[in-house]
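Student: Here's my sequence, what's the structure:
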Amino acid sequence: MSRIGRKPINIPAGVEVKLDNGVITVKGPKGTLTREVHPNMTVNIEDGVITVTRPNDEKENRALHGLTRTLIANMVEGVTDGFKKELEVNGVGYRVQKQGKNLVMNLGYSHQVTVSETDEIKIEVPAPNKIIILGIDKQKVGQFAAEVRSKRPPEPYKGKGIKYVYEHIRRKEGKAGKGAKK
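Tutor: All right, here's what the predicted structure looks like:
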């Protein structure tokens, strides 16, 4: 049996969960999220606890069991606390700033790179080299952060570019570092 799939999800105060026709809706202080549940999975909501069960031990159902439980748990966490990804900009002359609802980045190109925040995604710039992406949907926050990072991914020689705060860039020696032939 899936250890993750068996874990019950506690519904915190101020969060409302509804299930009708295979669509689960989670409403909380930060917003509302909806997701379609796979028809093989059974979701029960009783006494402030959500449990996910599967009909049998077929491979597909075992895979969906833990996934479904985790997706619902992320929805509950998103509407209560929200999710955030922090990015760091490294490089001489590389900096970011917020202009209205736009994130304007100087990344060593001949032009500025602009990314707009959406209704679901908010952007904060506490420092010229730091970006914080906030939202209630974990998948959308991660995807938006990956798109911002892709504007100038970190390179291994000087470490310049946009990276996640927790990310460690493996550095390489340049061509002179191999030991010149004599």
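
Student: May I have the secondary structure class of Gln143?
Tutor: Classification of Gln143 by DSSP: H, G, I helix; E, B strand; the rest coil places it in helix.

Student: how much space between it and Ser150?
Tutor: 11 Å (Cβ to Cβ, to the nearest Å). Using the backbone N, CA and C atoms, a C-beta is placed for each residue, glycine as well.

Student: out of those two, which sits in the more crowded spot?
Tutor: Gln143 (15 against 9; other Cβ atoms under 10 Å).

Student: re earlier: between Gln143 and Ser150, which contacts overlap?
Tutor: Counting by Cβ atoms under 8 Å, 6 or more residues apart in numbering, no residue touches both Gln143 and Ser150.

Student: So what's the residue count around Glu173?
Tutor: The burial count for Glu173: 10, using other Cβ under 10 Å.

Student: Tell me which helix or strand in the chain has the weakest average pLDDT.
Tutor: When each helix and strand of the chain is scored by mean pLDDT, DSSP states H and E, helix 3-6 comes last, with a mean of 88.

Student: How far does that one sit from its chain's centre?
Tutor: Relative to its parent chain, helix 3-6 has a centroid offset of 22 Å by Cα atoms, centre = their mean, to the nearest Å.

Student: just checking, what packs against it?
Tutor: Applying 3 or more Cβ pairs under 8 Å, 6 or more residues apart in numbering; DSSP states H and E, we find helix 3-6 packed against helix 59-80.

Student: No more questions from me, cheers.
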